[in-house]
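In: Any chance you can model this:
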Amino acid sequence: MSSSSRSSSVRAALAIAFAGALAAPAAADMAMPPSFMTVDAPTKTVHFDIQMASNGNNGTLNFNGYAHGGMTLTVPLGWKVKMKVTNAGQGAIPHSLEIIAQAEAIPAQGIEPPAFDGAETINLLNGLGVGKSDEVDFTASTAGKYWIFCGVPDHGIGGMWDYLVVSSSATAPTVTYAKT
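Out: Take a look at the predicted model:
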């Protein structure tokens, strides 16, 4: 084998090894929970830090940067869900959060009652002002797929909704994202 052939073979082997080394951490990162979720397994409680209008995505109508069902929070049936909900302020308009049952059409504004007792922020229709926060605490007591929904008129129709799945088969909370 010539030295140039050997050199090409070595470069190819190094490239493959390097690519594999880069891919391994990316796969490991995918398994890590997001920084906005904390799980307390012994008490069966999950905490989510939800930032409304956290960036300019979807014209600031988003939860943690996701809209139109791009993010799904999955919680085991019977777990306690605690959300610190903050209007991060991109866009400088009010927002709210409510967990509601899915329907054929997205509602024009928040609806009462929410899917679970305590599963809505204060000022559902008027929303929380920029920089304001509220706590949403509820027990995920009924399995199903729900909307995480902004109750301010027309925000949900504008795409400010994602999913909450209460699963009878899940053993731990997870967060998944739609492929774009």
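In: and the gap between F63 and P153?
Out: Plainly put, F63 is 17 Å away from P153 if you go by C-beta to C-beta, to the nearest Å. All C-beta atoms are positioned from the backbone trio N, CA, C, and that covers glycine.
In: Please identify which of the two sits among more neighbours.
Out: Between F63 and P153, counted using other C-beta atoms under 10 Å, the more crowded position is F63 (28 against 15).
In: That one is in contact with G159, isn't it?
Out: No - in this structure, F63 is not within contact of G159 by C-beta atoms under 8 Å, at 10.5 Å.
In: List the residues that contact S54.
Out: Applying C-beta atoms under 8 Å, 6 or more residues apart in numbering to S54 gives the contacts N62, F63, N64, G65, A88, Q90.
In: hmm, try it at 6 Å
Out: Neighbouring residues of S54 by C-beta atoms under 6 Å, 6 or more residues apart in numbering: N64, G65, A88.
In: Count the neighbours of the first one for me.
Out: When you say that, I think you mean N64. Neighbourhood size, N64 [other C-beta under 10 Å]: 25.
In: Relative to D49, how far out is it?
Out: Counting by C-beta to C-beta, the gap from N64 to D49 is 8 Å.
In: And for K179, the neighbour number?
Out: Under the neighbour criterion other C-beta under 10 Å, K179 is assigned a count of 5.
In: If you could redo that for Q109, that was the one I meant.
Out: By other C-beta under 10 Å, the residues close to Q109 number 17.
In: State the three-state secondary structure for the closest residue in space to it that isn't next to it in sequence.
Out: Distances taken as C-beta to C-beta, 6 or more residues apart in numbering put P153 closest to Q109, at 4.2 Å, once the chain neighbours are dropped. At P153 the chain is in coil, as set by DSSP: H, G, I helix; E, B strand; the rest coil.
In: Please verify my assumption that P153 contacts I111.
Out: No - P153 is beyond contact range of I111, at 11.6 Å (criterion: C-beta atoms under 6 Å).
In: List the neighbouring strands of the helix or strand hosting K145 plus their orientation.
Out: Using DSSP states H and E, K145 sits within strand 144-149. Strand pairing for strand 144-149, determined by DSSP bridges: strand 98-101 (antiparallel), strand 161-167 (antiparallel).
In: next structured bit after the last one?
Out: If I follow you right, that is strand 161-167. Scanning forward in sequence from strand 161-167 by DSSP H and E, the next helix or strand is strand 174-177.
In: In that next one, which residues have enough neighbours to count as buried?
Out: Of the residues in strand 174-177, T174, V175 count as buried by neighbour count, 16 or more other C-beta atoms under 10 Å.
In: What helices and strands are in contact with it?
Out: Judged by 3 or more C-beta pairs under 6 Å, 6 or more residues apart in numbering; DSSP states H and E, strand 174-177 is in contact with strand 71-76.
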